[in-house]
Structures are given as C-alpha cells and as structure tokens.
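Undergrad: no sequence on hand, only this structure:
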C-alpha cells in the first residue's frame, strides 16, 4: 500500500520517516509523494580520457569521474546526451517496514530529463541522501538549479518489517552516503 499525503505527514511527524531538512508541505507534498530538491554536488564522467568503462576494476569508476560542487544558488548545465550522478538536498531515513520509490517529475521529463536510469527503489532501512542518475535525452541543454524540485519519493508498506534492513546489511554499498558516490559494482559477490 502506498502512503497518502496524510500518511506521509503522520510518518514525518512521528519520525517514522525522517527527511532533513524538513520538507515544505505547501510546495513539496503531493497526493502520495514528497518532492525532493536538487543538491549542489555532481559526479561527472571524464569520457575524453578513457575509451571504455570496466565495471570489474576496483575504483575504476572513481578514476573516470570527478566531483563538481556548485555554489548554493548556482546552476549546472546538462548538455544533450549527458549522464551525471547528482545528490538530493534532503537526507532520507526509511524504517524497516517501508520502502521508498524515486520517480522523476513529469514537468522535467517533458524537457528530456531522466532522473534515474534504473535505481528507483530505496530499500527498507535506507539512510542517506538519494543519488540521482540524471540523463538528458533531449536535443537541447537543460539548466538545473540547486534547490529545484527534481524528483518525487513515494513510500510503500511492506507486508512485514525487513529482517535485515539496508543499513544492517554487511555488504550494503551505499549506506549513509552524503554525495553521489561512484559505482561499486566491483564489490558484487
């Protein structure tokens, strides 16, 4: 069952779900979702120095990307065909009996902006800043501004609490992340 706007408000008030900074309900609360805003940290690919990506090579993703921080009220221009990792302004903590799902905003999708390529599910027990897999599928550049509403998160009830929430998993790759960290696919077992 997906939480409604009133259930999201109750979950935030009781600290069942924790979002910091506290959302502005007038602007961020939807009928069954909460909008998250764009942070100021991006991880961009340095595709001109490397001919391909080798996902099995340890720390290779870190070698082929670099972090860019823009000023608090700054902007980031996504060129057509660009793919970058970004982070939300908000830190989100989800309990063991809920999961989160991240979706793009329709208004930005109509400009060609994809907010996540594959990773829309946030496991029960998630704790950190959601990382966005941004892609510009359009033919024109898109200006992204720090603090703009970039995506929406919904929350779904589980049939029972997860036995091992995400932050308790021994091999959880991205727990407590605060920035758009590089791929850690080389850690797969």
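TA: Nice, I can see it. Since this is a predicted model, take the numbers as computed values, not measurements.
Undergrad: I'd like the next helix or strand past whichever helix in the chain runs longest.
TA: The residue-count maximum for a helix in the chain (DSSP state H) belongs to helix 5-13. Sequence order places strand 18-20 as the next helix or strand after helix 5-13, per DSSP states H and E.
Undergrad: which other helices and strands does that following strand contact?
TA: strand 91-93 (3 or more C-beta pairs under 8 Å, 6 or more residues apart in numbering; DSSP states H and E). Placement of C-beta: from N, CA and C, glycine included.
Undergrad: so what touches the strand it packs on?
TA: For strand 91-93, the external contacting residues (C-beta atoms under 8 Å, 6 or more residues apart in numbering) are 17-20, 36, 100, 122, 126-130, 153, 178.
Undergrad: out of the residues you listed, which one sits closest to residue 141?
TA: residue 36 (22.8 Å; C-beta to C-beta).
Undergrad: these two touch, right, that closest one and residue 148?
TA: No: contact between residue 36 and residue 148 fails when scored by C-beta atoms under 8 Å: they sit 10.3 Å apart.
Undergrad: so in the chain, where's the weakest helix or strand by average pLDDT?
TA: Across the helices and strands of the chain, mean confidence by mean pLDDT, DSSP states H and E is lowest for helix 60-63: a mean of 68.
Undergrad: who's more crowded, residue 36 and residue 148?
TA: The neighbour comparison of residue 36 against residue 148 (other C-beta atoms under 10 Å) goes to residue 36, with 25 against 14.
Undergrad: so who does the more buried one touch?
TA: Residue 36 sits next to 28, 88-90, 92, 102, 130, 149-153 when contact means C-beta under 8 Å, 6+ apart.
Undergrad: just the buried ones from those, in PyMOL syntax?
TA: To isolate the buried ones among the contacts of residue 36 in PyMOL, judged by 16 or more other C-beta atoms under 10 Å, type:
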select buried, resi 28+88+89+90+92+102+130+149+150+151+152+153
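Undergrad: look up phi and psi at residue 149.
TA: Taking degrees, to the nearest 10, you get phi -70, psi 120 for the backbone angles of residue 149.
Undergrad: how many neighbouring residues does residue 94 have?
TA: Going by other C-beta under 10 Å, the residues that sit close to residue 94 add up to 25.
Undergrad: I figured it hits residue 126, correct?
TA: Yes: Residue 94 lies in contact with residue 126 (C-beta under 8 Å); the separation is 4.4 Å.
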